[in-house]
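In: what follows is a predicted protein model with its sequence.
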Amino acid sequence: MEVEGMDEEGTSSHSGHLHRREDLQKTQQDSECPESSTCVENVYVDKKAVDKLTEGLLSHYLPDLQNSKRALQELTQNQLILLDTLDQEVTKFRECNTLLDLNSLFTEAKFYHNKLVSIRKEMILLHEKTTKLKKRALKLQQQKQKEVLEKEQQREKELERERQLIAKPAKRT
């Protein structure tokens with residue numbers, strides 16, 4: 001790995017670029033960092049070494065990070081496609097439920113239509129029966145009136161006959 005290469009490079013540059021506190025005390029008297037070095041917590045690092053280490057670190061991790069970024073973008077794209085597909089499926093299920101609701105409504109409507117038809121038939125039958133009963137009641141009433149009239153006429157005839165049978169005194173002349 002590059003870490004091993006850096007160790008070799010780091011040990012040679014370590015002694016040349018990084019100084020211990022003892023060496024720093026000598027240079028602190030100068031009170032300024034050299035232009036090609038950076039002061040960080042009393043440790044001097046050569047900018048060229050930092051640049052090389054940065055390049056090495058980037059060259060080591062950047063391809064993996066770019067691959068990971070591409071994989072994440074691909075996963076995100078696939079997730080969006082799956083979400084769209086799932087949304088379409090949910091819409092289809094809702095439409096199916098709506099159709100099932102419509103089917104149940106049509107079934108219920110057919111049931112109540114049949115019920116209404118049977119009630120209508122019953123009402124027609126009842127109307128016919130009541131019409132027949134009214135006609136029969138009228139006939140019976142007429143027959144009874146006829147019988148009462150005939151009895152009344154019969155009784156009047158009998159009374160008239162009885163009157164005629166009653167002896168009448170003869171007229172004297």
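Out: Looks like it came in fine. Numbers count the residues shown, from 1 in each chain.

In: am I right that residue 168 is in a strand?
Out: No. Applying DSSP: H, G, I helix; E, B strand; the rest coil, one finds residue 168 to be coil, outside a strand.

In: give me the pLDDT for it.
Out: Residue 168 is assigned a pLDDT of 70 by the prediction.

In: also residue 93?
Out: 89.

In: residues near it, how many?
Out: Using other Cβ atoms under 10 Å, residue 93 has 10 neighbouring residues. From N, CA and C alone the C-beta is placed, and that goes for glycine too.

In: before we move on, which element is it in?
Out: Here residue 93, judged by DSSP states H and E, is contained in helix 47-165.

In: which elements pack onto that helix?
Out: helix 2-17, strand 37-40 (3 or more Cβ pairs under 8 Å, 6 or more residues apart in numbering; DSSP states H and E).

In: where are the low-confidence patches of this structure?
Out: Applying pLDDT under 70 to the chain picks out residues 1-41, 167, 170, 173.

In: element containing residue 45, please.
Out: Counting by DSSP H and E, residue 45 is found in strand 43-46.

In: so how far is residue 91 from residue 74?
Out: Per Cβ to Cβ, to the nearest Å, residue 74 is found 26 Å from residue 91.

In: gap between residue 83 and residue 48?
Out: Counting by Cβ to Cβ - residue 83 and residue 48 are separated by 50 Å.

In: buried residues, stretch 45-59. List them.
Out: Buried positions in stretch 45-59, judged by neighbour count with 16 or more other Cβ atoms under 10 Å: 45-46, 49.

In: tabulate those residues (a markdown table), appending distance to residue 128.
Out: Below are these laid out as a markdown table (distance: Cβ to Cβ, whole Å):
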| residue | distance to residue 128 |
| --- | --- |
| 45 | 115 |
| 46 | 119 |
| 49 | 116 |
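
In: so which of those comes closest to residue 164?
Out: residue 45 (165.7 Å; Cβ to Cβ).

In: from residue 84, how far off is that closest one?
Out: From residue 45 over to residue 84 (counting by Cβ to Cβ), the distance is 52 Å.

In: gap between the strand holding residue 45 and the chain center?
Out: Its chain's C-alpha centre and that of strand 43-46 lie 66 Å apart, by Cα atoms, centre = their mean, to the nearest Å.

In: fine, thanks again, bye for now.
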